[in-house]
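Enquirer: Fold the following.
(chains A and B)
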Amino acid sequence: MIPGGPPPASHALVLAALLFVLGLSALLARRNLLFMLLAIEIMLNAAGLAFVAAGAAHGQADGQVMFFFILTMAGVEVAVGLALVLRLSRALPELDADQAARLKD
Amino acid sequence: MTALFYAAAGIAVAATALAITSPQAVHALLYLVVSLLAVAAVFVSLGAPFAAAVQVIVYAGAIMVLFVFVVILLNPGRDDAARERRWQSGLAWLGPALLALVLGVEVLFALAAGPEPAAAAAAAVGPRETASTLLGPYLLGVEIASLLLLSGMLGTLHLGRRTGRGGPA
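Expert: As a prediction, this is how the structure comes out:
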């Protein structure tokens, strides 16, 4: 059914680690709040990929179920985060995380 | 399937790298959509068609559309792209890249040292099996997820309220 056979699960986990590290470095390096949210999305997706890869390695559906929950969480997090970004964009001259840290002033 | 996996994995990593370094928000979003679609292809190659479909519909579809709408509302122009370039000096990337690299090497070592995972099951885990697991032993999780969505909706409504000062006009 599957020509060439499925890829080894460890390679999928390595891909998940790579994507997660890319997202983490972007989260640390970027200052724009929109890009920081994007980086969080990349990291969440990488975590979901790790779950799906582990579930596929054992032939169980649990990995995909956990991916479904991560997806729900990511959707809620993005909705609230983007609402906050829109609100902050009215209060700040530019969407800078450093400026947002000084909101009390 | 193995060839599909490696091709999609390469596209995913390259598109993600382009997305996180792009100074233009719209370009970053489009690269990220490509990356998410590539991860969906990886799901197909792993024998997880349900996860692939949900990835395309919800992640690359709904969540990215949310981002696009916010970018439309924020309306970033040339000034914003120039500012992003200014903020992204090489030095700004050095520290985070080093820290993330250390973490990545640690994870790779852990993967290499750990027990080799079982050979991937040849049979794909189809939507039927996934759904019966999701609505069987994990039914409580689905209920909690619905509560999470409800609270997220309430929070977003509250944040998006029109108020006198600082709120959306």
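
Enquirer: Can you tell me the SS state at the residue nearest to B:A7 when sequence neighbours are not counted?
Expert: Nearest non-adjacent residue to B:A7, counting by C-beta to C-beta, 6 or more residues apart in numbering or on different chains: B:A41, 7.9 Å away. Any C-beta I mention is one placed from the backbone N, CA and C, and that applies to glycine too. Using DSSP: H, G, I helix; E, B strand; the rest coil, the secondary structure recorded for B:A41 is helix.

Enquirer: For B:A41, give its distance to chain A.
Expert: Separation of B:A41 from chain A (C-beta to the nearest C-beta, to the nearest Å): 12 Å.

Enquirer: Now that that residue has come up, it's in contact with B:A51, right?
Expert: No. Taking contacts as C-beta atoms under 8 Å, B:A41 lies outside contact range of B:A51: 11.5 Å.

Enquirer: Looking at the two, which is more packed in?
Expert: B:A51 (32 against 19; other C-beta atoms under 10 Å in any protein chain shown).

Enquirer: any idea which element the residue nearest to B:L135 when sequence neighbours are not counted lies in?
Expert: Distances taken as C-beta to C-beta, 6+ apart put B:V142 closest to B:L135, at 6.7 Å, once the chain neighbours are dropped. In the assignment (DSSP states H and E), B:V142 maps to helix B:139-159.

Enquirer: low-scoring stretches of chain A, by residue?
Expert: In the prediction, chain A carries residues with pLDDT under 70 at positions A:1-6, A:104-105.

Enquirer: need the contact list for B:A28.
Expert: A:F35, A:L38, B:L18, B:A19, B:I20, B:S22 (C-beta atoms under 8 Å, 6 or more residues apart in numbering or on different chains).

Enquirer: should've said B:F67
Expert: Contacts of B:F67 (C-beta under 8 Å, 6+ apart): A:L34, A:L37, A:L38, A:V78, A:L82, B:L29.

Enquirer: Quick check: the last one is in a helix.
Expert: Yes. Using three-state DSSP, the assignment for B:L29 is a helix.

Enquirer: Might one say that it is in contact with B:L66?
Expert: No. Between B:L29 and B:L66 there is no contact under C-beta under 8 Å: 10.3 Å.

Enquirer: need the longest helix for chain A.
Expert: When chain A is parsed with DSSP state H, its longest helix is helix A:62-91.

Enquirer: Next secondary structure after that helix?
Expert: helix A:97-100.

Enquirer: helices and strands around that following helix, which ones?
Expert: With contacts taken as 3 or more C-beta pairs under 8 Å, 6 or more residues apart in numbering or on different chains; DSSP states H and E, helix A:97-100 sits against helix A:33-57.

Enquirer: got the angle between the helix it packs on and helix A:62-91?
Expert: 180 degrees (axes from the mean of the first three to the mean of the last three C-alpha atoms, to 10 degrees).

Enquirer: Could I get the buried residue list for helix A:33-57?
Expert: A:33-57 (16 or more other C-beta atoms under 10 Å in any protein chain shown).

Enquirer: right, is the helix or strand where B:V102 lies up against chain A?
Expert: Per DSSP H and E: B:V102 is located in helix B:90-113. Yes. Helix B:90-113 is in contact with chain A by C-beta under 8 Å from any C-beta of the partner chain, via B:92-93, B:95-97, B:99-101, B:103-104, B:107-108, B:111.

Enquirer: Give me the contact list for that helix.
Expert: Counting by C-beta under 8 Å, 6+ apart, helix B:90-113 makes contact with A:10, A:13-14, A:17-18, A:20-22, A:24-29, all of which sit outside it.
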